[in-house]
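>>> Okay, structure incoming, though there's no sequence with it:
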């Protein structure tokens, strides 16, 4: 089985943990989009790892990890992450594969990102200012530099000199030296070169050899450049379609899709969030759930579970099941709200609107359900969950139209339930915590 695991909300759903704990069921974990603006947090034996570019399967010995052409790669960030893992006793060795077609984030991309966000003023997007957007802009404008270009010093030098000169004219105070950028790239290639290959061909051969693959998404469906809450989105396709374009595989290579969603809703940055809670309950969710960005440290905006948004993610991605995370954050709350529809200009909407102004005008229509006082934290069997927690999960399944096959009740690998007779179980996925 080749399974895609991706975000079903506005990112930060806990994909890192789900990918990490499922990794032993696969031979390869392949990341298909995004950059080091995506932080996947994984806890192993109470140690915290924050993975930004490397697939979350990298913490397991013997697993090959792939960075696809849909990813934009900052070499400095990549090497810093690899070196952090080495200090923690995790060797990369020959387990990493990088697409020769992946585009590079260069120093001028970071400068342009900062400048662009500053110039937006009140219309700022809330980017991480790591050069992600400008790198994708160069890709689409056909002036980008790809990983494989580092092997061709002649054409590389011409492209870099042209790009640096153009950026120096845009950013008056910039005195970036193209020759220094080229020298840095030469050093990067010396270290990166052994990992670089044609990822599409690599994965085709892996499939022919019946090696199982997990496709790992970054960000979330509602941050997708085409299908998210535009313009408050990321610069890549975080939805299922991005798997094919970001890795060079055919649609039939994807045997199933798991969407990861929190038991409530969060968002980082600007843009509408219909169920946002700004008072005591919102603060409680933020503090209890440790809702602060893994990369930026920014506090996340929190709200009740939005079934309208998740239903949209189910439809766009063709989700077979949900992995529901952070159920334990709701422990101790006597009453919970679930957004079942929106009210907008006197009309009731049951489908997620595609126009940002309409979404901003929407008010959530809530259904109240009982909470629970006994803990779900650390529970590892569905039958041992509080009865009202079981009912809450069942109601979310009814509203979103897909089963919650995996439940996370804590940050550790072992704090997870893969439900018997679920699609995940039928796919042969097991919880292996060693």
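Okay, I see it. Just so it is clear, the structure is predicted and the values come from calculations on it, not from any experiment. Numbering: from 1, shown residues only.
>>> quick one: contacts for residue 49?
Residue 49 is in contact with 41-43, 59, 85, 88, counting by Cβ atoms under 8 Å, 6 or more residues apart in numbering. For every residue, glycine as well, the C-beta is placed using N, CA and C.
>>> buried subset of those?
Neighbour-count burial within the contacts of residue 49 applies to 41-43, 59, 85; the criterion is 16 or more other Cβ atoms under 10 Å.
>>> In helices, which of those residues appear?
Cross-referencing these against helices under DSSP state H gives residue 85.
>>> With pLDDT and distance to residue 266 as added columns, please give the buried ones among the contacts of residue 49 in TSV.
Listed next are the buried ones among the contacts of residue 49 as TSV, based on pLDDT from 0 to 100; distance: Cβ to Cβ, whole Å:
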residue	pLDDT	distance to residue 266
41	81	13
42	83	18
43	80	18
59	92	24
85	93	27
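>>> So residue 236 sits against residue 226, correct?
No: contact criterion Cβ atoms under 8 Å: residue 236 and residue 226 do not qualify, at 9.7 Å.
>>> neighbour count winner among these two?
residue 236 (28 against 13; other Cβ atoms under 10 Å).
>>> where does that one land in three-state SS?
At residue 236, secondary structure determined by DSSP: H, G, I helix; E, B strand; the rest coil is coil.
>>> where do the strands sit along the stretch 101-250 of the chain?
Listed in chain order, the strands of the stretch 101-250 of the chain (DSSP state E, counting those that start in this stretch) span 103-104, 196-197, 213-216.
>>> So which of the buried ones among the contacts of residue 49 are in strands?
41-43 (DSSP state E).
>>> if we take those, which one ends up nearest to residue 308?
residue 41 (27.0 Å; Cβ to Cβ).
>>> any idea how far residue 228 is from residue 292?
Using Cβ to Cβ, to the nearest Å, residue 228 is found at 22 Å from residue 292.
>>> Give me the more crowded residue out of those two.
Neighbour count, other Cβ under 10 Å: between residue 228 and residue 292, residue 228 has more, with 24 against 14.
>>> Reformat the contacts of residue 49 as JSON lines; add distance to residue 112.
Converted to JSON lines, the contacts of residue 49 look like this (distance: Cβ to Cβ, whole Å):
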{"residue": "41", "distance to residue 112": "28"}
{"residue": "42", "distance to residue 112": "31"}
{"residue": "43", "distance to residue 112": "35"}
{"residue": "59", "distance to residue 112": "33"}
{"residue": "85", "distance to residue 112": "30"}
{"residue": "88", "distance to residue 112": "33"}
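>>> and which of these is nearest residue 197?
Checking those one by one against residue 197 (Cβ to Cβ), the nearest turns out to be residue 85, at 21.0 Å.
>>> what residues are up against the closest one?
49, 54, 58, 91-92.
>>> now, among these, which is nearest to residue 389?
Nearest member of the contacts of residue 85 to residue 389, counting by Cβ to Cβ, is residue 49, at 28.3 Å.
>>> how would you label that closest one: helix, strand or coil?
Under three-state DSSP, residue 49 comes out as strand.
>>> same question, residue 343
Quick answer, by three-state DSSP: residue 343 is strand.
>>> Check for me that residue 383 belongs to a helix.
Yes: read with three-state DSSP, residue 383 is one of the residues of a helix.
>>> what residues are up against it?
If you count contacts by Cβ under 8 Å, 6+ apart, residue 383 has none.
>>> now with 10 Å?
390, 417, 420 (Cβ atoms under 10 Å, 6 or more residues apart in numbering).
>>> If you rank the residues you listed by neighbours, which is first?
Most neighbours among the contacts of residue 383, by other Cβ under 10 Å: residue 417, with 23 neighbours.
>>> So what's the residue count around the nearest residue to residue 342 once chain neighbours are set aside?
Closest residue to residue 342 in three dimensions, ignoring its sequence neighbours and counting by Cβ to Cβ, 6 or more residues apart in numbering: residue 362, at 3.8 Å. For residue 362, the neighbour count with other Cβ under 10 Å is 21.
>>> and what of the one 4 residues further on?
Neighbour count of residue 366, defined by other Cβ under 10 Å: 15.
>>> and what of residue 165?
12.
>>> which ones are touching the nearest residue to it once chain neighbours are set aside?
Among residues not flanking residue 165 along the chain, residue 178 sits closest, at 7.0 Å (Cβ to Cβ, 6+ apart). By Cβ under 10 Å, 6+ apart, the contact set of residue 178 is 108, 157, 159-165, 167-168.
>>> Ok, residue 423 next?
Contacts of residue 423 by Cβ under 10 Å, 6+ apart are 256, 258, 320-321, 402-403, 405-406, 429.
>>> Tell me which two in these are the farthest apart.
Applying Cβ to Cβ across the contacts of residue 423, the maximum distance is between 402 and 429, 15.6 Å.
>>> Show me where the stretch 101-250 of the chain dips below the pLDDT cut-off.
116-128, 172-174 (pLDDT under 70).
>>> All the helices of it, in order from the start?
Using DSSP state H, counting those that start in this stretch, the helices of the stretch 101-250 of the chain run over 107-120, 132-140, 153-170, 178-192, 199-208, 241-247.
>>> Out of the ones you listed, which gets nearest to residue 24?
Residue 24 sits nearest to helix 199-208 of all those, at 17.0 Å, using Cβ to Cβ.
>>> Which residues in that closest one does the neighbour count mark as buried?
By neighbour count with 16+ other Cβ under 10 Å, helix 199-208 contains the buried residues 199-200, 202-203, 206-207.
>>> tell me how far it is from the chain's mean position?
Centroid separation between helix 199-208 and its chain, computed with Cα atoms, centre = their mean, to the nearest Å, is 23 Å.
>>> packing partners for it?
Secondary-structure packing of helix 199-208 (3 or more Cβ pairs under 10 Å, 6 or more residues apart in numbering; DSSP states H and E): strand 28-31, strand 64-67, strand 96-99, strand 213-216, helix 241-247.
>>> neighbouring contacts of that helix?
2, 27-28, 30, 32, 64, 66-71, 97-102, 198, 211-213, 215, 246-250, 252-253.
>>> rerun that using 6 Å as the cut-off
With contact meaning Cβ atoms under 6 Å, 6 or more residues apart in numbering, helix 199-208 is reached by 28, 66, 68, 97, 99, 248-249.
>>> looking at this, residue 16 is in a helix?
Yes: under three-state DSSP, residue 16 falls within a helix.
>>> burial of the closest residue in space to it that isn't next to it in sequence, as a residue count?
With Cβ to Cβ, 6+ apart as the criterion, residue 16 has its nearest non-adjacent residue at 2.8 Å, and that residue is residue 40. Neighbourhood size, residue 40 [other Cβ under 10 Å]: 25.
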